[in-house]
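> Pasting the sequence and the predicted model now:
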Amino acid sequence: MLIGIYPRKLLFFAFIALAIFGGVKIFEAARLPEVFASTADNINQAEFGGSYYLELDLTKSGSLYIESKKLKESVTATSDYDELRYIVLNQPNDTYTDAKIVLNLPYKIKKLYGDPRIIAVHGANPAGAYLTSDGEQIVFSATDVGDASTVTIIAQFPKGYLNLPAAKQIGGVLSNVPGWFWVLISLVLPVIAVVIIAWMFYFSDIRAKPQAGQMMRKNLPSEISPGVVSTLFSGTVGARTLMATLVDLARRGVIEIFNRGEDFVIHRKPISPQEQVQLKPFEKILVEKLFLPKENISASMDVEKRLARHLYSRKIAEIYLAVYEEGKSLGYFAQLPARIHLKYRMIGIGLFYSGFIGLVVFGILGPDPKFILFMWMALVVLGILIINLAPRLTAYTTRGRKEQLEWAKFKNFLSESSNLKGRDELFDLYLPYAIALCVEADWAARFIESSFVKPDWYDHINLQGGVDKFVESFLPVIDQIGENLNLANEPLVR
């Protein structure tokens with residue numbers, strides 16, 4: 001597979017990345033620096049030795065401050081109340097006979113959700129906690145605080161008293177969901193995924209390709225274009241479709257291909273108005289894409305430049321849609337395949353980004369343990385699975401299935417191992433169909449012992465030998481053209 005990098009696409013994505021990076025840096029530069037405090041900043045504000053005193057300020061948003069320094073700890077939400085739980089002292093360097101912590105409230109409150117508490121362990125003793133009569137402070141007390149002690153204050157506020165950010169409120173609700181629920185969801189989702197995929201296959205008439213077994217037919221099942229044969233057999237348009245169409249156009253005298261060793265040149269031959277009318281809509285668009293108006297020669301660099309003019313090529317997408325329309329008009333598809341593919345790809349994309357955003361958001365804001373991440377990971381996997389399966393969801397008609405079987409028989413003939421001496425005219429005639437059915441190498445091998453003459457529509461500056469040398473020089477060229485065109489297609493049209 002050839003991976004192409006087009007300058008315009010590269011510049012586009014580089015610009016987006018640069019804009020995001022610059023925006024983050026500008027935001028960081030413009031934002032006032034925030035000073036955070038830690039437990040080490042819980043300095044003793046008492047005027048006398050042997051005692052400990054600390055004053056904390058609680059804001060409306062649930063943030064906690066010590067002398068204008070914001071603590072990383074803050075109020076957390078639960079389903080019934082908002083709780084402040086903060087470790088004030090944790091193995092302090094000094095010992096205190098008594099400790100007092102005052103929490104200044106953002107505004108008066110008549111009653112807390114529950115009684116305030118102070119937890120003093122490892123030698124320390126809790127001495128009580130209460131809401132002051134004016135409702136503006138909560139006072140916590142402890143005694144005998146040693147260098148191994150830990151002192152924690154707890155206060156619970158009724159819903160509505162504080163105006164917590166939405167993220168904290170969501171986190172509070174999720175924290176009350178038991179972990180087994182998220183584990184159960186992560187186990188159930190794959191089962192649901194299998195059901196969804198089975199439903200997609202059933203209603204899109206997805207079955208295995210008809211098995212021709214040893215059956216074979218030596219002539220074309222019908223006079224349809226090789227591009228449509230490729231789509232009928234694989235269920236989707238791709239690089240093979242474009243490759244087969246290009247070779248068929250060359251065989252019919254519309255274009256010529258010259259291999260110059262390091263690159264190639266495509267020449268558009270003059271054709272009569274009658275021959276122009278016989279071109280399929282997708283063939284006309286393909287020729288228009290390869291050549292500029294009023295120009296009959298297109299080199300490899302010219303093709304790449306035209307493909308690089310836009311992020312994606314609308315004309316390539318139009319080729320894909322026209323091939324699907326051709327197949328549907330012949331009665332092979334119950335619905336336009338591109339429409340089915342797009343519908344399911346959008347479902348997959350929606351699930352993927354929902355799961356990805358959920359992973360990021362709940363990875364940062366979700367409660368511990370983060371069992372909920374299993375659910376979002378399952379959504380990401382489900383989305384990727386549906387995106388990859390979508391191009392295979394093609395609804396065939398009964399006629400389409402029968403036609404598939406006949407082309408499978410013809411494929412058996414093309415890939416048979418016996419030599420075809422004296423039938424040199426068949427090589428050029430069936431080569432586009434061999435490419436469409438992915439057996440071009442097998443087809444060429446049948447002419448190894450024949451007196452091969454290269455097609456008139458292809459030339460190489462140093463072409464020598466028989467069919468094997470032709471295949472070695474020609475197939476990489478046509479593969480490069482087909483892959484480059486396929487890479488330029490709009491991603492949602494498959």
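Cool, the structure landed. Model, not experiment: these values are computed from the prediction. Numbering: from 1, shown residues only.
> Residues contacting stretch 286-303, please?
With C-beta atoms under 8 Å, 6 or more residues apart in numbering as the test, stretch 286-303 has contacts from 242, 245-246, 249, 254-255, 263-270, 279, 306, 313, 315-316, 319, 480-481, 484-485. Every C-beta, even on glycine, is put in place using the N, C-alpha and C of the backbone.
> Mind checking which of those are in helices?
Per DSSP state H, helices hold the following members of the contacts of stretch 286-303: Leu242, Thr245, Leu246, Leu249, Arg306, Lys315, Ile316, Ile319, Gln480, Ile481, Asn484, Leu485.
> Report the two of these separated the most.
Greatest spatial distance among these (C-beta to C-beta): Lys315 and Gln480, at 18.5 Å.
> Now do the contacts for Val467.
Each residue near Val467 by C-beta under 8 Å, 6+ apart is listed here: Phe427, Ala444, Phe447, Ile448, Ser450, Phe452.
> ok, it to Thr397 distance?
38 Å (C-beta to C-beta, to the nearest Å).
> pLDDT score assigned to Gly327?
At Gly327, the model reports a pLDDT of 93.
> Number of residues surrounding it?
Per other C-beta atoms under 10 Å, the neighbour tally for Gly327 reads 26.
> Tell me where the stretch 151-300 of the chain has strands.
In the stretch 151-300 of the chain, the strands defined using DSSP state E, counting those that start in this stretch lie at 255-259, 264-268, 297-299.
> Dump these to CSV, plus mean pLDDT, mean neighbour count and distance to Asp456.
Shown next, in CSV, are the strands of the stretch 151-300 of the chain (pLDDT from 0 to 100; neighbours: other C-beta atoms under 10 Å; distance: least, C-beta to C-beta, whole Å):
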stretch, mean pLDDT, mean neighbour count, distance to Asp456
strand 255-259, 88, 19, 8
strand 264-268, 86, 18, 12
strand 297-299, 79, 16, 18
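> need those in JSON lines with distance to Arg345, can you?
Formatted as JSON lines, the strands of the stretch 151-300 of the chain follow (distance: least, C-beta to C-beta, whole Å):
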{"stretch": "strand 255-259", "distance to Arg345": "33"}
{"stretch": "strand 264-268", "distance to Arg345": "32"}
{"stretch": "strand 297-299", "distance to Arg345": "32"}
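> quick one, which of the ones you listed is nearest to Trp180?
Proximity to Trp180 (C-beta to C-beta) singles out strand 264-268 among those, at 62.6 Å.
> For the closest one, what is the distance to the chain centroid?
Chain-centre distance of strand 264-268: 37 Å, with C-alpha atoms, centre = their mean, to the nearest Å.
> if we can go back for a sec, right, and out of the contacts of Val467, which lies closest to Lys108?
Distances from Lys108 to those, taken by C-beta to C-beta, are shortest for Ala444, at 90.3 Å.
> Tell me the buried residues within the contacts of stretch 286-303.
For the contacts of stretch 286-303, a burial check counting by 16 or more other C-beta atoms under 10 Å picks out 242, 245-246, 249, 254-255, 264-266, 268, 279, 306, 313, 315-316, 319, 480-481, 484-485.
> Ala127 is in what secondary structure piece?
When elements are assigned from DSSP states H and E, Ala127 belongs to strand 125-131.
> The next helix or strand after that strand: how far from the chain's middle?
Later in the chain than strand 125-131, the nearest helix or strand by DSSP H and E is strand 137-145. Mean-position distance between strand 137-145 and its chain equals 54 Å (C-alpha atoms, centre = their mean).
> ok, and for strand 137-145, which residues are buried?
Gln137, Ile138, Val139, Phe140, Ser141, Ala142, Val145.
> With respect to Ala198, which of these is nearest?
Taking those together and measuring to Ala198 by C-beta to C-beta, the closest member is Ile138, at 58.5 Å.
> mind giving me the domain ranges of this protein?
For the chain, automatic domain parsing gives the domain ranges 37-165, 202-487.
> possible to save the ones you listed as JSON lines with distance to Phe181?
Listed next are the domains of the chain as JSON lines, based on distance: least, C-beta to C-beta, whole Å:
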{"stretch": "domain 37-165", "distance to Phe181": "14"}
{"stretch": "domain 202-487", "distance to Phe181": "8"}
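> Out of the ones you listed, flag the one nearest Ile185.
Across those, closest to Ile185 is domain 202-487 (C-beta to C-beta), at 4.7 Å.
> Next, give phi and psi for Ile118.
phi -130, psi 130 (degrees, to the nearest 10).
> check contacts around it.
Contacts here follow C-beta under 8 Å, 6+ apart; on that basis Ile118 touches Ile101, Pro126, Ala127, Gly128, Ala129, Phe140, Ser141, Ala142, Val151, Thr152, Ile153, Ile154.
> Give me the distance between the nearest residue to Thr397 once chain neighbours are set aside and Gly327.
Take Thr397 and drop its neighbours on the chain: the residue closest to it by C-beta to C-beta, 6 or more residues apart in numbering is Ala334, 5.1 Å away. Between Ala334 and Gly327 the computed distance is 11 Å (C-beta to C-beta).
> who touches both of those two?
Gly400.
> Double-check Phe470 against Phe452; I have them as touching.
Yes: counting by C-beta atoms under 8 Å, Phe452 is a contact partner of Phe470 at 7.0 Å.
> Looking only at neighbour counts, state which of these two leads.
Neighbours per residue (other C-beta under 10 Å) separate Phe470 from Phe452, with Phe470 holding more: 22 against 17.
> separation between the more buried one and Thr236?
29 Å.
> now swap in Asn296 and tell me
With C-beta to C-beta as the criterion, Asn296 and Thr236 are 32 Å apart.
> So those two - more neighbours on which side?
Neighbours were counted for Asn296 and for Thr236 using other C-beta under 10 Å; Thr236 has more, 21 against 12.
> Leaving out the residues flanking it, which one is nearest to the more buried one?
Closest to Thr236 by C-beta to C-beta, 6+ apart is Pro391, at 4.4 Å.
> what's the one you found in contact with, if anything?
Gly235, Thr236, His341, Arg345, Arg494.
> Over to Gly383?
Gly348, Ile349, Gly350, Leu351, Phe352, Tyr353, Ser354, Gly355.
> buried stuff in the host helix or strand of the first one?
Pointing back at Gly348 there. Assigning secondary structure by DSSP H and E places Gly348 in helix 337-365. Buried residues in helix 337-365, defined by neighbour count with 16+ other C-beta under 10 Å: 337-338, 340-341, 344-345, 347-349, 351-352, 355, 358-359, 362.
> now do stretch 91-108
Pro92, Tyr96, Asp98, Ala99, Lys100, Ile101, Val102, Leu103, Leu105, Pro106.
> Now do it: distance to the chain's middle.
51 Å.
> With just CA atoms, put that stretch into PDB.
Written as PDB, here are the backbone C-alpha positions of stretch 91-108 (Å, rounded to 0.1, in the frame of the first residue of the first chain):
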ATOM      1  CA  GLN A  91       2.300  14.100  61.700                       C
ATOM      2  CA  PRO A  92       3.300  17.700  62.600                       C
ATOM      3  CA  ASN A  93       6.800  18.600  63.700                       C
ATOM      4  CA  ASP A  94       5.500  20.100  67.000                       C
ATOM      5  CA  THR A  95       3.200  18.900  69.700                       C
ATOM      6  CA  TYR A  96       0.200  20.800  70.900                       C
ATOM      7  CA  THR A  97      -1.900  20.500  74.100                       C
ATOM      8  CA  ASP A  98      -4.900  21.900  72.200                       C
ATOM      9  CA  ALA A  99      -5.700  22.700  68.600                       C
ATOM     10  CA  LYS A 100      -8.500  24.900  67.200                       C
ATOM     11  CA  ILE A 101      -9.500  25.200  63.500                       C
ATOM     12  CA  VAL A 102     -12.000  27.900  62.400                       C
ATOM     13  CA  LEU A 103     -13.800  27.500  59.100                       C
ATOM     14  CA  ASN A 104     -15.200  30.900  57.800                       C
ATOM     15  CA  LEU A 105     -18.300  30.300  55.700                       C
ATOM     16  CA  PRO A 106     -19.200  32.300  52.600                       C
ATOM     17  CA  TYR A 107     -22.400  33.500  54.200                       C
ATOM     18  CA  LYS A 108     -24.700  32.600  57.100                       C
END
